[in-house]
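**Student:** this one's sequence-less:
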Ligand code: UT7
C-alpha cells in the first residue's frame, strides 16, 4: 500500500507588506532584501489565527481531493506558531472543520515541519491508522517577529497550506528523509510560549523571547544540508535525478534554493519559487508552493516532485513523490 497526495489548498491573509514598507520600519532597502534573499513582499495576518488560516487552506484541500470533512481520519498540523500551547491548533482546526472523531496533533519541526508531518502521515496510513489524513503547514510568524531586528523581520510572513494524503494502490510518496541536530539549537530560536520562558515570568523580557536567528551561520548549514537531503530522497526512491520533474524547496533564501537546484542538476523552470511574493512562512512554504503550482497547472498528475526543507532545531527533511 502507498500514500498519495489527493488534494491541496492554500490561504494567505490579504495584507501585503512590501520591502518599501519595511524601509520605513528598519534601516534596510529593497535592493538589500531582494539581492540577499529574493523576497519582495510578504503577507501579514491582522486578526486571523494560525488555525483560522489552516481552516481556509484545509477546506480547499478536502474539496480538491473530492472528499468531505467526514472522510478525514486524522489531522496533523505542522507549526511553530500555534494559537495556544494547549489545545493543539490541530484540535482547533478539527473543530472548525466539524470533524467528529479524528486524531489531531501538532508537529513542531520549524520550517521542516510539513515534510515531517507527511512522513508521520505516510507511516500512519501504511499502518492502517486512517485512509485520508489532512496534513497542514500553517504559521502566524508575524506574532513572534522582532520588528526592531532588520536581520530577521524582513524574512518572515504568514500563511497556510494543506494537503490530503490518502491510501493508494499506486505510488505517491516514494521516499522521505528526516534529520535533526540539536547541537545548533541556539542559532535559530523563539523562546516565547515555552515553559522555560514562562517559568521565569517575573523577569520576562519580550525582546529576548522573540524570533532570533544567526542568519549567516544558519545559511552555511542550510546550503549544504538542503542540497544533500534533496539528492538523498531521490536516491532512496530508486528513481534517478533525471526523473525529477519539479523541485519545491523551502522558501527561505533564493541563494540556498539555487545551490540545491544545482546539486539536483535542475534548470530554473523546474524550480518552484514563491518567496518573492510570500517570504518565508516556515512550515507553510512547501504546501502553499505545491498548491499554487497545482492551481496554475504547472504541476500535473503523474509529475515527480522532490521537496526539501531546512529550519530551526536544527531540522532538515526531504520527500520525493509522484502527484
Ligand atoms: O527558514 C529557516 C532557515 N533559515 C534560513 O535558511 C535563513 C538562512 N540565512 C539567510 O538566508 C541569510 O543569512 C540572511 C538573508 C538572513 C542574511 O544574509 P547574509 O548575506 O548572510 O547577511 P549577513 O547576516 O552576513 O549580514 C551582512 C550585512 C551585515 O552588516 P555588516 O555587519 O557586514 O556591516 C548586516 O548587519 O548585512 C547587514 N544586514 C542588513 N542590511 C540591510 C542584515 N540585515 C539587513 C537588512 N538590510 N535587512
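**Tutor:** Arrived safely, thanks for sending. Please read these numbers as outputs of a predicted model, since none were measured by experiment.

**Student:** So which residues of the stretch 201-323 of the chain form helices?
**Tutor:** 206-209, 215-237, 254-263, 275-278, 285-295 (DSSP state H, counting those that start in this stretch).

**Student:** Is the longest one positioned near the ligand?
**Tutor:** What it means is helix 215-237. Yes. Using C-beta under 6 Å from any ligand atom, helix 215-237 reaches the ligand at 215-216, 218-219, 222. (Each C-beta comes from the backbone N, C-alpha and C, glycine too.)

**Student:** Out of those, which end up buried?
**Tutor:** By neighbour count, with 16 or more other C-beta atoms under 10 Å, the residues of helix 215-237 next to the ligand hold 215, 218-219, 222 as buried.

**Student:** Check these against residue 264 and report the nearest one.
**Tutor:** Nearest to residue 264 out of these is residue 222 (C-beta to C-beta; 15.3 Å).

**Student:** Next up, the contacts around whichever residue of the chain sits closest to the ligand.
**Tutor:** In the chain, the residue found nearest to the ligand is residue 215; the distance is 2.8 Å by C-beta to the nearest ligand atom. By C-beta atoms under 8 Å, 6 or more residues apart in numbering, residue 215 lies in contact with 151-152.

**Student:** Apply 7 Å and report the result again.
**Tutor:** residue 151 (C-beta atoms under 7 Å, 6 or more residues apart in numbering).

**Student:** And it, what's its pLDDT?
**Tutor:** For residue 215, the model assigns a pLDDT of 96.

**Student:** Over to residue 2?
**Tutor:** For residue 2, the pLDDT comes out at 96.

**Student:** again, but for residue 203
**Tutor:** We have a pLDDT of 87 for residue 203.

**Student:** May I ask which two of the buried ones among the residues of helix 215-237 next to the ligand are separated the most?
**Tutor:** Pairwise over those, using C-beta to C-beta, the maximum falls at 215 and 222, 9.8 Å.

**Student:** What score does residue 287 have for pLDDT?
**Tutor:** On the pLDDT scale, residue 287 is placed at 98.

**Student:** With adjacent residues omitted, what lies nearest to it?
**Tutor:** Nearest residue to residue 287, sequence neighbours excluded (C-beta to C-beta, 6 or more residues apart in numbering): residue 161, at 2.6 Å.

**Student:** So that neighbour: helix, strand or coil?
**Tutor:** Assigned with DSSP: H, G, I helix; E, B strand; the rest coil, residue 161 falls in the strand class.

**Student:** what about it, neighbour count?
**Tutor:** Residue 161 has 34 neighbours, counted by other C-beta atoms under 10 Å.

**Student:** re the thing from before, which of the helices of the stretch 201-323 of the chain has the highest mean neighbour count?
**Tutor:** Compared across the helices of the stretch 201-323 of the chain, helix 285-295 shows the largest average neighbour count, a mean of 25 (mean count of other C-beta atoms under 10 Å).

**Student:** List the residues that contact residue 140.
**Tutor:** Neighbour list for residue 140: 45, 49-50, 81, 158 [criterion: C-beta under 7 Å, 6+ apart].

**Student:** ok, back up a step: which of the helices of the stretch 201-323 of the chain sits closest to residue 197?
**Tutor:** That would be helix 206-209 among the helices of the stretch 201-323 of the chain, by C-beta to C-beta, at 5.2 Å.

**Student:** For the closest one, report the contacting residues that lie outside it.
**Tutor:** By C-beta under 7 Å, 6+ apart, helix 206-209 touches 146, 191-192, 197.

**Student:** The same query, at a cut-off of 8 Å, please.
**Tutor:** By C-beta under 8 Å, 6+ apart, helix 206-209 touches 146, 148, 190-192, 197.

**Student:** Which members of those residues are classed as buried?
**Tutor:** Among the contacts of helix 206-209, those classed as buried by neighbour count (16+ other C-beta under 10 Å) are 146, 190-192, 197.

**Student:** residues near residue 32, how many?
**Tutor:** Residues within reach of residue 32, counting by other C-beta under 10 Å, total 14.

**Student:** quick one: it from residue 251, how far?
**Tutor:** Using C-beta to C-beta, to the nearest Å, residue 32 is found at 18 Å from residue 251.

**Student:** go on, residue 175?
**Tutor:** Noted for residue 175: a distance of 22 Å to residue 251, by C-beta to C-beta.
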